[in-house]
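Asks: show me how the following folds:
(2 chains)
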Amino acid sequence: METLTIKETISGVLESTLEHNNFEMHDELTAKDVDGWDSLSHMMIITKIEEAFNIKFKLRDLNKLKNMGSLVSVIQSKI
Amino acid sequence: MVFNSIKFVVFVLPVLFLYWSFFRKNKVAQNVLLLASSVFFYAWADWRFLFLLIASIIINYYLALKIRKEVDDETKQRRFLYLGLVFNVGLLLYFKYFNFFYESFVELVNVFGITSSYTTLAILLPLGISFFTFQTLGYLIDVYNEEIDPSHNFLEFSLFVAYFPKILSGPIERASKMMPQIQERREFSYEIFVDGLRQILWGLFAKIVIAENCASIANPIFDNFEGQTGSTLILGAFFYAIQLYADFSGYSNMAIGVSKLFGIQLMRNFSTPFFSTNISDFWRKWHISLTTWMMDYVFTPLSFSLRRYQKNGLIISIIATFVLVGFWHGANWTFVFYGLLHGIYFIPLVYSGKMNSSEIVAKGKLFPSIIEFIKMLLLFVLIMLTDVFFRANSIKEAINYIVSIFSYDIFSIPQGMFSSNYMITIFLLFIFFFIEWNNREKKHDFEIKNYNIFLRWSSYIFLFLLILFFGKSSETFIYFQF
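Replies: Predicted coordinates:
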């Protein structure tokens, strides 16, 4: 899948979970930059991403997520 | 040897002098001095457990290296991690919880009609064990998750575990933040040094003025709560809630301040938690080094494994995490219940989706809005009532206390309300929270480096005089027992 499509899908997940779209999608984007994306909402976002791409993360994958770029590459490695 | 004692001053001054004179040439010299001082400090507090601390350091050091060595063999890696978990958790369980489980088990057996008597073992609690085992646990898990590299330097790792400003009562440090500071030579910075002194002054004020004066009111009320009027009991709970906060945040500020004198920045442990508008906000600001630890190593794995159950999975994870937070404090059902209640308070937030909002209250403004103020007040009342479980000797006692509040005379004038002790304490609290409110956006409660020189020095002198006139000496901290 193309990086752009992946990012669009992630954007959609973020928008529906956090109920806003005040963020700009780029590789260096981190959870800290996005309002309301904290450790509690993180799990919901992760679950929705798993559903959207029909993949399963491991806990170790999660620990390696540093920013949007790494999220996209982890997803790419799974689909 | 507590920070607010003459003994500590006599200990720390020569160490500081040596550190910034003869030992400042390289990091090895600095670390050797700090480690030697830490060993002395711990031995002074309780030499019997020094060997336990050393054993813990050696075992964790080697386990981390083993975990990394087997990087290509996940089964072996996991085996070493589990070994580490068993060792560290085992230490805690044995020293802190053995008698609790034993007694609970015997009582359970008695319920089923089998009577057996029991004698508990006389196990002493090694000082700081809850703090340093959590630190080494976090270290092993981080190495396993490849978030950090294991330390290959035994001196540096020993200092990371045993560093005296934080060994007895935290903050619970992370290797990712602390190790890089130990791995380089510390340069003297006048600004950090003075900031450390400020933080120590603030911590002293919080501990020996605020906490001790609140304790002098709360203790007699809690010790004889039966027969007191509801309004008096409310005051008891009120002053205890503030005592608990001032005691531990004061301690933390002193620890962080002392560490700054040596050029090492520890993590912030409290950030004006009473200025919060919901429970999740409160826990983000209360005992931060413990809650972030629990978040990373308990809540995240748990909620990850329960993620299919969505909000219900989240709630179960939150409640389990908070029960553990409570239980961490000690082997008593009161702490378990305290944690359970706090976990339950999160449920409305999870369902309303509002648990994420974390903002500094009334940012950039002088006063909060009326709604913000009411929210803060209601949250404080909730925390204050829950703290009764933290203070009481048993759940039954805590429930009796809370029921008595609402039973009679809740609107009467509390006993001794107009005594000078009450009036002075309320005046001191006003000053305490006024300064906290003004600095709620700063890096710590007394970060006043931007004030002009006149205001700065009058603040120092003012606090110093308050400590001199209203300070009560104390050789113990609530959190030393944990």
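Asks: switch to C-alpha atoms for all contacts and neighbour counts from now on
Replies: Fine.
Asks: where in chain B is pLDDT low?
Replies: Counting by pLDDT under 70, chain B shows low-confidence ranges at B:113-122, B:353-358, B:475.
Asks: mind checking how far the residue positioned nearest the centre of it is from B:Met267?
Replies: For chain B, B:His287 is the residue whose C-alpha lies nearest the centre (Cα atoms, centre = their mean; 4.5 Å). According to Cα to Cα, to the nearest Å, B:His287 stands 10 Å off from B:Met267.
Asks: and the end-to-end length of stretch A:11-28?
Replies: End-to-end distance (Cα to Cα), stretch A:11-28: 14 Å.
Asks: check stretch B:438-451 too.
Replies: Using Cα to Cα, one end of stretch B:438-451 lies 12 Å from the other.
Asks: tell me which residues in it are buried?
Replies: Using 16 or more other Cα atoms under 10 Å in any protein chain shown as the test for burial, stretch B:438-451 gives B:438-441, B:444-448.
Asks: from the chain's centre, how far out does it sit?
Replies: Averaging C-alpha positions (Cα atoms, centre = their mean, to the nearest Å) puts stretch B:438-451 21 Å from its chain's average.
Asks: same thing with stretch B:329-338?
Replies: Worked out by Cα atoms, centre = their mean, stretch B:329-338 lies 15 Å from the chain centre.
Asks: using CSV, write out every CA atom in that stretch.
Replies: Extracted C-alpha coordinates of stretch B:329-338, given in CSV (Å, rounded to 0.1, in the frame of the first residue of the first chain):
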residue,chain,number,x,y,z
HIS,B,329,2.0,1.9,49.2
GLY,B,330,1.8,-1.0,51.7
ALA,B,331,0.5,-4.3,52.8
ASN,B,332,-2.9,-3.2,54.0
TRP,B,333,-6.4,-3.5,52.5
THR,B,334,-6.9,0.2,53.1
PHE,B,335,-4.4,1.0,50.3
VAL,B,336,-6.0,-1.6,48.0
PHE,B,337,-9.3,0.1,48.6
TYR,B,338,-7.8,3.5,48.1
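Asks: residues making contact with that stretch?
Replies: Stretch B:329-338 is contacted from outside by B:96-97, B:100, B:323-324, B:326-327, B:386-387, B:389-390, B:392-395, B:481-482, using Cα atoms under 8 Å, 6 or more residues apart in numbering or on different chains.
Asks: now do stretch B:152-168
Replies: Defining contact as Cα under 8 Å, 6+ apart, one finds that stretch B:152-168 is touched by B:31-32, B:34-35, B:37-39, B:41-42, B:53, B:57, B:61, B:65, B:127-129, B:131-132, B:135-136, B:151, B:172, B:175, B:178-179, B:182-183, B:255-256, B:258-259, B:480.
Asks: which PyMOL command selects the buried ones in those residues?
Replies: Buried members of the contacts of stretch B:152-168, defined by 16+ other Cα under 10 Å, are picked up in PyMOL with:
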select buried, chain B and resi 31+32+34+35+37+38+39+41+42+53+57+61+65+127+128+129+131+132+135+136+151+172+175+178+179+182+255+256+258+259
